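Colleague: Here is a sequence together with a model predicted from it:
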2 protein chains.
Amino acid sequence: MKGNGVERVAARLRHRGRRMTVQRRAVLEALAALGCARDAETIHARARAAYPKLGLVTVYRTLEAFVADGVAHPVFFGDGRVRYDLSEDGGHHHHLVCLSCGRIARVDECHLPPSRRLGRPQGFTVTAHRLELFGYCPRCAPKA
Amino acid sequence: MKGNGVERVAARLRHRGRRMTVQRRAVLEALAALGCARDAETIHARARAAYPKLGLVTVYRTLEAFVADGVAHPVFFGDGRVRYDLSEDGGHHHHLVCLSCGRIARVDECHLPPSRRLGRPQGFTVTAHRLELFGYCPRCAPKA
DNA sequence: TGCTTGTTGAAAACGATTTTCATTGTCGGA
DNA sequence: TCCGACAATGAAAATCGTTTTCAACAAGCA
Ligand SMILES: [Mn+2]
Ligand SMILES: [Mn+2]
Ligand SMILES: [Zn+2]
Ligand SMILES: [Zn+2]
């Protein structure tokens, strides 16, 4: 993550009465370095490289703040732990999860119809959706 | 749930070395009566009407067995609790969740491209997917 | 440089789900 | 129909990811 990005995030946090701290900077860097869908513990481990005293609790609180401020997004694979993705300007993306080795691949194209069409039959106004794909990665062989 | 369905489920369980008990029957009935995406506690409360001594632990264990045997499917909305749907013969379905009142509507059509196309770019073999839609129900007014 | 407040870390609390373990009950076989 | 092997049950305790509590700290503004 280029120092520039940190500043943009800092600005967004400050805008909400929040402050930019070394801890949050470390979590932000970790989030950017790790890439797609990492859980709090993984982020914690990585962020500690930059700031060893960092507590796991702070990572949780920081992620909560990031999500509230639109800096990050939670991702759910249904295994009981929440993962996080750094938000990007150009819209959302989904994931491919290997059921064998756990590898995660990003899926940028969203093949779903526009939101306003998705809920029409039931009269819902759709504002968001979550889609995750499960299967086997190339290395774990098809039909594993 | 027609007694017939119970028999079919019983057969499927027995086939795996499992047994059909009053408790499981009660959970099955509750699952059928409650409909879309209910959590263990809700299912427990309902099933108790038929079998008051039923323990919540047994509900969890039964749901686990049902899922393993394909009798039920877990549904995740990302709020930290797992919900369950009774499996049906004709394929899967998704859900619309009202962010205001929590109402859940079923979405039968799956607007996604065929599995084999979804993971192609990254070389994945897609065997399943999870899609949930979030927004506002008719009663909670659009743009709530 | 102070002061006001948001932030932090350790420890304890939480809530959903799982495990332990002694007891009970299902169901295939005699 | 009766047995017995072993799956299932329930209560209590244990897990585990995440949240809350609380006293010490430290951003950011005057
Ligand atoms: Mn991602
Ligand atoms: Mn459903
Ligand atoms: Zn793999
Ligand atoms: Zn609603």
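Modeller: Cool, got the structure. Numbering: from 1, shown residues only, chains lettered A, B, ... in the order given. Ligands and ions are numbered 1, 2, ... in the order given.
Colleague: ok, and for the helix or strand of chain A with the lowest mean pLDDT, which residues are buried?
Modeller: Every helix and strand of chain A was ranked by mean pLDDT, DSSP states H and E. The lowest is helix A:3-14, at a mean of 84. For helix A:3-14, a neighbour-count test (16 or more other Cβ atoms under 10 Å in any protein chain shown) marks A:6, A:9-10, A:12-13 as buried. Any C-beta I mention is one placed from the backbone N, CA and C, and that applies to glycine too.
Colleague: Could you list the low-pLDDT ranges of chain A?
Modeller: Residue ranges of chain A with pLDDT under 70: A:1-4, A:142-144.
Colleague: which parts of it sit against ligand 3?
Modeller: Selection of chain A residues close to ligand 3 by Cβ under 5 Å from the ion yields A:98, A:100-101, A:103, A:137, A:140.
Colleague: Now tabulate the buried residues of helix A:3-14 in TSV and tack on distance to residue A:60.
Modeller: Shown next, in TSV, are those (distance: Cβ to Cβ, whole Å):
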residue	distance to residue A:60
A:6	20
A:9	18
A:10	20
A:12	19
A:13	16
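Colleague: tell me, which of those residues make contact with DNA strand C?
Modeller: Contacts with DNA strand C within the buried residues of helix A:3-14, counted by Cβ under 7 Å from any atom of the strand: residue A:13.
Colleague: How is chain A divided into domains?
Modeller: Following automatic domain parsing, one finds the domains of chain A at A:3-86, A:94-135.
Colleague: right, and those domains - which one's nearest ligand 1?
Modeller: For ligand 1, the closest of the domains of chain A is domain A:3-86, at 3.5 Å, according to Cβ to the ion.
Colleague: How about the closest one and DNA strand D, any contact?
Modeller: Yes - counting by Cβ under 7 Å from any atom of the strand, DNA strand D has neighbours in domain A:3-86: A:10, A:14, A:19-22, A:39-41, A:56-57, A:60-61, A:64, A:80-82.
Colleague: could you list every residue that touches the residue nearest to residue A:19 when sequence neighbours are not counted?
Modeller: Spatial nearest neighbour of residue A:19, excluding adjacent residues (Cβ to Cβ, 6 or more residues apart in numbering or on different chains): residue A:13 at 6.9 Å. Shown in contact with residue A:13 (Cβ atoms under 8 Å, 6 or more residues apart in numbering or on different chains): A:19-20, A:24, A:65, A:69, A:71.
Colleague: one step back: just curious, which of the residues of chain A next to ligand 3 is nearest to DNA strand D?
Modeller: For the residues of chain A next to ligand 3, the closest approach to DNA strand D (Cβ to the nearest atom of the strand) belongs to residue A:101, at 18.2 Å.
Colleague: Distance of residue A:33 relative to residue A:105?
Modeller: Distance, residue A:33 to residue A:105, using Cβ to Cβ, to the nearest Å: 18 Å.
Colleague: Compare the two (neighbour count), which wins?
Modeller: When residue A:33 and residue A:105 are compared for neighbours, residue A:105 comes out ahead with 18 against 15, by other Cβ atoms under 10 Å in any protein chain shown.
Colleague: any residue of the longest strand along chain A up close to ligand 4?
Modeller: Looking across chain A with DSSP state E, the single longest strand is strand A:125-136. No - judged by Cβ under 5 Å from the ion, strand A:125-136 makes no contact with ligand 4; its nearest approach is 9.9 Å.
Colleague: Tell me which strands that strand pairs with, and in which orientation.
Modeller: strand A:94-98 (parallel), strand B:125-136 (antiparallel) (DSSP bridges).
Colleague: quick one: residue A:15 from residue A:21, how far?
Modeller: The spacing between residue A:15 and residue A:21, counted by Cβ to Cβ, is 16 Å.
Colleague: higher neighbour count, the two?
Modeller: The neighbour comparison of residue A:15 against residue A:21 (other Cβ under 10 Å) goes to residue A:21, with 14 against 9.
Colleague: Most distant residue from the centre of chain A?
Modeller: In chain A, the residue that sits farthest from the middle, by Cα atoms, centre = their mean, is residue A:121; the gap is 30.6 Å.
Colleague: check contacts around that one.
Modeller: Taking Cβ under 8 Å, 6+ apart as the test, what residue A:121 contacts is residue B:107.
Colleague: For it, give its distance to residue B:107.
Modeller: Taking Cβ to Cβ, one finds residue A:121 at 8 Å from residue B:107.
Colleague: and what of residue A:43?
Modeller: For residue A:43, the distance to residue B:107 equals 33 Å [Cβ to Cβ].
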